[in-house]
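Chemist: All I have is the shape, not the residue letters:
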DNA sequence: ACTTAAGCGAGACGGTACGTCAAGTCTTTCT
DNA sequence: AGAAAGACTTGACGTACCGTCTCGCTTAAGT
């Protein structure tokens, strides 16, 4: 996939002012962290970015999509290093490392509100959800599948298991707890999820 | 718990007009299905219910809570029969039955939009999330734990497994797929989740 | 008819906030004198009056009508004394007095811009023109006709002359010069108009 | 003076695109008749004329002046024949002929809206008024004075009468009725104005 | 039974933000 | 260098709702 690409391109994109674009995305990301998605307004984004409202409406259909693009920029910037998941040969340890990192990210106050906003906006915006799936979710999913596939080839994972399902068994409970706040999201919890997912709920033989 | 009870009770509840209350909750539930949560407005609810705006503001703090109460009424109405989960002795079969029912409910177009609205509103409203956890989530969770506890006592479940975690391992992937639309939500998927959760991801001995 | 009455009355006028109404009319009149009619905006009126925009849109269809109402209030306030035109028995002297007063009023910087605004707005707004004719023009016209009628009965005016036409012959040139700025508007000019209108353009017999 | 000349000439006029200029003036004149002066926009003129906005801003300071130039072009086109007023020797008849023609012009639906626009724009734009006075009003006024001067020399008009005033006594009431819509503008009205202006309001000796 | 105080439908109010339109400026590309 | 095209900032438009606030009215409770 290499680097993701922005979503919007309705008018003549060559004439576009790149400085305004960055200012808008930065303003949107900062503001959503300050006031939350519901109270985020196009007017406030425009004012903070020093930009006319029309410039936002010209290139984006809604504040949700603006925010999504802000995430895209963020993940592009972070994707510079090696994106692969760790592989020490110890599957359980590696998964715990990654899930603990996920927990930390979800608990990071800088990302919490924007991440929640993105997730809930997707819920009501199928088109946005599709773009998300393609541009952000799928590349991450592929990395996760990669790691599991290697484990499978090493005989550490059941040969019949669908890798997408396996990923969902591991990350689903975390995301769920985070979105629904049905319990604390800790490193220990991450560990338990990994252990339980690998071993299964049935009693040990 | 028997029947749940409404959340609000600030003024003198004895003088409250029950007809208006029902009209408001019905209007809110219907409207959210028609226009979505974001475009749901107090004014529209009041107009549809034939009620003054103040009557809504008197008893509810926000449209999110109105909607939540509408769900409460709904679940009260359904809670008339035996609420317990099926127990045929075959844990795997029973879980598949229940998760398939969950899938059907999530896919039901009548509940889809309101359910999404409730879930996303909780994401941004911790107070609502707490009430949800107490009034709707926890009672359900208890029923699920009950069934698993009986399985544990029957030796069909690992004795050390935390029951809350077990529930999350089973339901989390479903809810996640539904909220994020990362894949189709089918009966087969429910079956696979149950099988994988019980057996674990590791290869069979 | 005595005192004129405000134009607007669409919603339930009994609930109307009189303080807001006066504040709006005052703000509109002041602002038009400061920035002119073209640059007069509903937003500025609302801000100056300390009022929501909707309160203006609720009761008036356009800024032109707001301004018209402001004039109505003004003329109500001035209509307290005896409105009749002077009648000393000397028609020519009386007309000069009145036309000189008209000249002074048109040249008064406090009224100049608002008066121009009212006049030009009427040009493009037939409905407003009709209301103006009924509420402001016609009462004034009647006073003027009255004075001329008395002169006619006293044999100072041709018996066949149409009084409306006579009024137009006297006031028309003044108003025209004022609106079109085709020449200076002075007391001497008023005098010459009166003399010429009475005597006619033909040579003296 | 022969043919009037356009107002604008700021940049290097030799490089100017004449086709664009005509297209702009035509578009402005047509549009003002369709939507009125207030709703006339530079953008719409540019679009209709197939011209960039900058081309308008380069050569004209405001839409009012564009419109004015459009009138100039119109009057140039009409000024091809003999511009003098009729002179049959019968002053009253000639004036009636001319004023009836004026009435017809003012009532012509093709010119009504643009003419009103021009008049009201002048009211708020002294600079435009001055240009109007010089380029359109004064040449017409001179023609009218000419005819009256000949009548004066023939002893048909009072020798002391100021000719500008006389013109205003004749045309003022008409223009006024037209702008203020205070009464119907008919040929009969024109006749009465001429008769009254010539004879005066006083009783016949 | 008669006051009296609350809930109620209604809707005006001061506001905020919406999404659109046009203003006048600026830059790019073509002629 | 003029012109067509069109992106840009600015500001006003007229609308939708917000949450608060009277206004009369019904209605149940407490004398």
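Modeler: That came through, no problem. Not measured: the values here are computed from a predicted model.

Chemist: My read is that residue A:133 contacts residue B:182, right?
Modeler: Yes: the pair residue A:133 and residue B:182 passes the contact test of C-beta atoms under 8 Å, sitting 6.1 Å apart. The C-beta positions use only the backbone N, C-alpha and C, and glycine is treated the same way.

Chemist: For chain C, what's its nearest residue on chain A.
Modeler: Across chain A, the shortest distance to chain C (C-beta to the nearest C-beta) belongs to residue A:43, at 14.4 Å.

Chemist: so what's the closest residue to chain B within chain A closest to, chain neighbours aside?
Modeler: Nearest to chain B, among the residues of chain A, is residue A:200, at 2.6 Å (C-beta to the nearest C-beta). Of all residues not flanking residue A:200 in the chain, residue B:200 sits nearest, at 2.6 Å (C-beta to C-beta, 6 or more residues apart in numbering or on different chains).

Chemist: I'd like to check which residues are in contact with the one you found.
Modeler: With contacts defined as C-beta atoms under 8 Å, 6 or more residues apart in numbering or on different chains, the neighbours of residue B:200 are A:158, A:196-202.

Chemist: what's the answer for residue A:119, then?
Modeler: With contact taken as C-beta under 8 Å, 6+ apart, residue A:119 is in contact with A:179, B:120, B:123, B:179-180.

Chemist: Let me have these in CSV, adding pLDDT and secondary structure as columns.
Modeler: CSV is the format used below for the contacts of residue A:119 (pLDDT from 0 to 100; DSSP: H, G, I helix; E, B strand; the rest coil):
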residue, pLDDT, secondary structure
A:179, 89, helix
B:120, 85, helix
B:123, 81, helix
B:179, 89, helix
B:180, 87, helix
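
Chemist: Out of the residues you listed, which are close to DNA strand F?
Modeler: Near DNA strand F, judged by C-beta under 7 Å from any atom of the strand, there are no entries from the contacts of residue A:119.

Chemist: Ranking by neighbours, what's the top pick from the residues you listed?
Modeler: Counting neighbours by other C-beta atoms under 10 Å in any protein chain shown, the top entry in the contacts of residue A:119 is residue B:120, with 25 neighbours.

Chemist: Look at the nearest residue to residue A:152 once chain neighbours are set aside and tell me its secondary structure.
Modeler: Residue nearest to residue A:152 in three dimensions, not counting chain neighbours: residue A:159, with 6.5 Å by C-beta to C-beta, 6+ apart. Going by DSSP: H, G, I helix; E, B strand; the rest coil, the secondary structure assigned to residue A:159 is coil.

Chemist: for residue A:159, phi and psi?
Modeler: phi -70, psi -30 (degrees, to the nearest 10).

Chemist: Is it in contact with residue A:149, as I believe?
Modeler: No: taking contacts as C-beta under 8 Å, residue A:159 lies outside contact range of residue A:149: 11.1 Å.

Chemist: More neighbours: the two, which one.
Modeler: residue A:149 (14 against 9).

Chemist: pretty sure that one is in contact with residue A:161, am I right?
Modeler: No: with contact defined as C-beta under 8 Å, residue A:149 does not count as touching residue A:161 (10.5 Å).

Chemist: neighbour count winner among residue A:133 and residue B:182?
Modeler: Using other C-beta under 10 Å as the criterion, residue A:133 and residue B:182 rank with residue B:182 on top: 21 against 16.

Chemist: what's the pLDDT at that one?
Modeler: Note for residue B:182: predicted pLDDT of 87.

Chemist: likewise residue A:112?
Modeler: Reported pLDDT for residue A:112: 86.

Chemist: where does chain A dip in pLDDT?
Modeler: Applying pLDDT under 70 to chain A picks out residues A:1-10, A:79-82, A:205.

Chemist: ok, which stretches of it are helices?
Modeler: Assigned by DSSP state H, the helices in chain A fall at A:18-35, A:42-49, A:53-59, A:63-78, A:91-107, A:109-124, A:126-132, A:138-153, A:163-180, A:187-199.

Chemist: what's the last one in contact with?
Modeler: So that's helix A:187-199. Helix A:187-199 has contacts (C-beta under 8 Å, 6+ apart) with A:91-92, A:95-96, A:99-100, A:102-103, A:166, A:169-170, A:173-174, A:177, A:183, B:158, B:161-162, B:165-166, B:168-169, B:197, B:200-202.

Chemist: Can you name the residue of chain A nearest chain D?
Modeler: Going by C-beta to the nearest C-beta, chain D is nearest to residue A:54 of chain A, at 13.4 Å.

Chemist: Which stretch among the helices of chain A is buried most, on average?
Modeler: Stretch with highest mean neighbour count among those: helix A:163-180 (a mean of 22; mean count of other C-beta atoms under 10 Å in any protein chain shown).

Chemist: what packs against it?
Modeler: helix A:91-107, helix A:138-153, helix A:187-199, helix B:109-124, helix B:163-180, helix B:187-199 (3 or more C-beta pairs under 8 Å, 6 or more residues apart in numbering or on different chains; DSSP states H and E).

Chemist: Please identify which of those is closest to DNA strand E.
Modeler: Closest of the helices and strands packed on helix A:163-180 to DNA strand E is helix B:109-124, at 16.1 Å (criterion: C-beta to the nearest atom of the strand).

Chemist: returning to that earlier point: got TSV for the helices and strands packed on helix A:163-180, with distance to residue C:142 too?
Modeler: Formatted as TSV, the helices and strands packed on helix A:163-180 follow (distance: least, C-beta to C-beta, whole Å):
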stretch	distance to residue C:142
helix A:91-107	81
helix A:138-153	82
helix A:187-199	89
helix B:109-124	65
helix B:163-180	75
helix B:187-199	87
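
Chemist: how about the residues of chain A that lie near DNA strand F?
Modeler: A:11-12, A:15-17, A:20-21, A:46, A:50-55, A:58-59.

Chemist: Tell me who's in contact with residue A:31.
Modeler: Residue A:31 makes contact with A:40, A:44-45, A:48, according to C-beta under 8 Å, 6+ apart.

Chemist: residues in chain A within reach of chain C, list them.
Modeler: Applying the criterion C-beta under 8 Å from any C-beta of the partner chain, no portion of chain A neighbours chain C.

Chemist: Show me the domain layout of chain A.
Modeler: Chain A resolves into domains spanning A:13-77, A:82-199 when parsed by automatic domain parsing.

Chemist: wait, does the longest one contact DNA strand E?
Modeler: No: using C-beta under 7 Å from any atom of the strand, domain A:82-199 stays clear of DNA strand E, coming no nearer than 12.6 Å.

Chemist: One more: the shortest one?
Modeler: Yes: Domain A:13-77 lies in contact with DNA strand E when judged by C-beta under 7 Å from any atom of the strand; the contacting residues are A:14-15, A:39, A:41-44, A:52-54, A:57, A:62-63.

Chemist: I'd say residue A:68 and residue A:132 touch.
Modeler: Yes: Residue A:68 lies in contact with residue A:132 (C-beta under 8 Å); the separation is 6.7 Å.

Chemist: Next, show the common contact partners of those two.
Modeler: Taking C-beta under 8 Å, 6+ apart as the criterion, residue A:68 and residue A:132 both touch residue A:118.

Chemist: Just want the phi and psi numbers for the residue in chain A positioned nearest to DNA strand F.
Modeler: Nearest residue of chain A to DNA strand F: residue A:52, at 1.9 Å (C-beta to the nearest atom of the strand). For residue A:52, the backbone dihedrals (degrees, to the nearest 10) come out as phi -80, psi 150.

Chemist: what sits against the closest residue to it other than its chain neighbours?
Modeler: Once flanking residues are discounted, residue A:52 sits nearest to residue A:46: 6.3 Å by C-beta to C-beta, 6+ apart. For residue A:46, the contacting residues are A:24, A:52-53, A:55-56, by C-beta under 8 Å, 6+ apart.

Chemist: Same list (the residues you listed) but as JSON lines, adding distance to residue A:187.
Modeler: Listed next are the contacts of residue A:46 as JSON lines, based on distance: C-beta to C-beta, whole Å:
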{"residue": "A:24", "distance to residue A:187": "36"}
{"residue": "A:52", "distance to residue A:187": "46"}
{"residue": "A:53", "distance to residue A:187": "44"}
{"residue": "A:55", "distance to residue A:187": "43"}
{"residue": "A:56", "distance to residue A:187": "40"}
